[in-house]
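1. give me the fold of what follows.
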Amino acid sequence: MIFKNYLKDPISTIAVNTTIFIAGCLFFGSIAFIGIISEIFSDNQNPVRNQHIIQHSNEQVQYDKMINLLDSINSKLDKQEN
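-> Sure thing, here's the model as predicted:
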């Protein structure tokens with residue numbers, strides 16, 4: 001019975017739906033905001049994470065060196081074939 005009255009009045013339908021939408025945006029926005037703030041503050045206090053990030057950058061340097069070495073080997077092999 002409540003839903004019948006609710007559906008008959010379009011203004012109240014719009015008002016309720018807008019209120020629910022805004023409340024949902026505020027709720028999920030606050031969760032995202034808290035997550036971002038906690039991530040910013042926890043980055044400086046976690047040495048394991050910092051070491052892990054440094055290891056990734058070191059691995060990238062090693063991969064770049066390997067790629068350059070493979071390119072030079074391929075170019076030398078191509079020269080020998082010709």
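2. next, give phi and psi for Asp9.
-> phi -100, psi 110 (degrees, to the nearest 10).
3. measure it to Ile20 for me?
-> Here the criterion is CB to CB, to the nearest Å. By it, Asp9 lies 16 Å from Ile20. Every residue, glycine included, has its C-beta placed from N, CA and C.
4. please apply the same query to Ser72.
-> Counting by CB to CB - Ser72 and Ile20 are separated by 63 Å.
5. can you tell me the helix or strand for Leu77?
-> Taking DSSP states H and E as the criterion, Leu77 maps to helix 47-81.
6. for that helix, buried residues please.
-> If you call a residue buried by 16 or more other CB atoms under 10 Å, then helix 47-81 has no buried ones at all.
7. go on, stretch 35-49?
-> Buried-residue list, stretch 35-49, by 16+ other CB under 10 Å: empty.
8. rounded mean pLDDT for that stretch, please.
-> Taken as a whole, stretch 35-49 has a mean pLDDT of 78.
9. what's that stretch in contact with?
-> Under the contact criterion CB atoms under 8 Å, 6 or more residues apart in numbering, stretch 35-49 has outside partners Asn50.
10. alpha carbons of that stretch, as PDB, please.
-> Provided in PDB are the C-alpha atoms of stretch 35-49 (Å, rounded to 0.1, in the frame of the first residue of the first chain):
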ATOM      1  CA  GLY A  35      41.000   4.600   1.500                       C
ATOM      2  CA  ILE A  36      42.900   7.200  -0.400                       C
ATOM      3  CA  ILE A  37      43.900   9.000   2.800                       C
ATOM      4  CA  SER A  38      44.900   5.800   4.600                       C
ATOM      5  CA  GLU A  39      47.000   4.800   1.600                       C
ATOM      6  CA  ILE A  40      48.800   8.200   1.600                       C
ATOM      7  CA  PHE A  41      49.600   8.000   5.300                       C
ATOM      8  CA  SER A  42      50.600   4.300   5.300                       C
ATOM      9  CA  ASP A  43      53.000   4.500   2.400                       C
ATOM     10  CA  ASN A  44      55.700   6.200   4.400                       C
ATOM     11  CA  GLN A  45      55.400   3.900   7.300                       C
ATOM     12  CA  ASN A  46      55.800   0.600   5.500                       C
ATOM     13  CA  PRO A  47      59.400  -0.300   4.700                       C
ATOM     14  CA  VAL A  48      58.500  -3.700   3.200                       C
ATOM     15  CA  ARG A  49      56.300  -2.000   0.600                       C
END
